[in-house]
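A.B. asks: What follows is a predicted structure for the sequence shown.
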Amino acid sequence: MRRTVIAGNWKMNKTFSEAEDFFISLTDALNEKPEDEFDNLEVIVCPPAVFLELATDFSVESPLSIGGQDVSAENQGAFTGEISADMYNSIQVDYCIVGHSERRKYHSESDSLINMKIKRLLENEVTPIFCIGETLEQRENDITKEVIISQLENGLADINMEDEVIIAYEPVWAIGTGKVATPEQAQEIHQEIRNWLNYKYGKEIAENTILLYGGSMKPANELELLKQPDIDGGLIGGASLVNDTFEEMIDIALQLRG
Ligand code: 13P
């Protein structure tokens with residue numbers, strides 16, 4: 001059975017003391033629950049890179065995993081400002097978001113660059129959370145499925161999927177807009193992704209790959225999204241910044257799947 005994943009993407013938010021307060025409250029809440037509740041549920045927080053070491057200090061003592069928000073396509077060397085997958089591995093950062101639409105938009109990231117980043121992560125035993133999704137214009141032009149398949153084909157080129165890759169479907173028009181995809185819209189694309197995985201890699205990989213939905217997910221719409229057969233969890237932006245809200249979302253997932 002696929003595990004459920006509730007992942008928070010903080011983007012560029014919080015100061016050090018705000019991050020510290022958040023992790024104190026979150027790990028207290030997680031540690032109060034019986035350990036076996038987390039057999040089928042994984043909670044991941046992806047803070048800005050400067051807070052990763054703080055985050056991993058907290059994660060050691062609780063059922064919490066930590067992820068980066070981006071990674072260099074290179075292994076090491078003269079790449080000012082970049083962070084390598086090997087650095088993440090060296091501080092127990094087990095996940096990393098890659099190909100987020102904000103990186104595609106504001107940093108002109110191409111599918112082939114994203115493909116290199118996924119390869120660096122896998123070489124260094126960091127699980128990629130690979131984001132794909134169509135813009136509003138693409139959806140209105142009825143090319144959503146073509147866009148998704150092309151992002152998958154190019155982003156995962158030459159990757160055998162024997163190591164875990166989590167895929168996050170994040171329709172760009174639903175990110176930070178309050179406009180959430182309906183459970184049916186999200187399920188339709190998740191099913192399409194799983195069908196593509198089946199065609200490309202076979203049944204076992206298709207059935208075991210975790211697919212997350214992202215885009216204005218919050219307590220009010222989470223349950224209906226998670227009830228969909230091909231949606232295994234969420235990649236949550238705004239709602240992951242507030243302890244009460246994020247903790248409520250973890251509780252909703254636990255009630256459904258824990
Ligand atoms: P929001 O939940 O704020 O819409 O952001 C989603 C997202 O981009 C997560 O990566």
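C.D. replies: It's in.
A.B. asks: and the gap between N141 and the ligand?
C.D. replies: Going from N141 to the ligand by Cβ to the nearest ligand atom, to the nearest Å gives 22 Å. C-beta here means a position set from N, CA and C on the backbone, and glycine is covered the same way.
A.B. asks: Q138 now?
C.D. replies: From Q138 to the ligand the distance is 17 Å (Cβ to the nearest ligand atom).
A.B. asks: Could you tell me the model confidence score at that residue?
C.D. replies: On pLDDT, Q138 comes in at 96.
A.B. asks: SS state for it?
C.D. replies: helix (DSSP: H, G, I helix; E, B strand; the rest coil).
A.B. asks: so what's it closest to, chain neighbours aside?
C.D. replies: Counting by Cβ to Cβ, 6 or more residues apart in numbering, Q138 lies nearest to V147, which is 5.0 Å off, once chain neighbours are set aside.
A.B. asks: does the one you found count as helix, strand or coil?
C.D. replies: Using three-state DSSP, the structure places V147 in helix.
A.B. asks: any idea how far I193 is from it?
C.D. replies: Noted for V147: a distance of 12 Å to I193, by Cβ to Cβ, to the nearest Å.
A.B. asks: I'd guessed P63 sits against E32; true?
C.D. replies: No - under the criterion of Cβ atoms under 8 Å, P63 makes no contact with E32, lying 11.0 Å away.
A.B. asks: okay, the two: which has more neighbours?
C.D. replies: Higher neighbour count among P63 and E32: P63, with 16 against 7, using other Cβ atoms under 10 Å.
A.B. asks: Now for the spatially closest residue to the more buried one that is not a sequence neighbour, how many residues are close by?
C.D. replies: Among residues not flanking P63 along the chain, F38 sits closest, at 4.0 Å (Cβ to Cβ, 6+ apart). Applying other Cβ under 10 Å, we find 19 residues neighbouring F38.
A.B. asks: pretty sure F38 is in contact with L64, am I right?
C.D. replies: No - look at F38 against L64 with Cβ under 8 Å: they stay out of range, at 9.2 Å.
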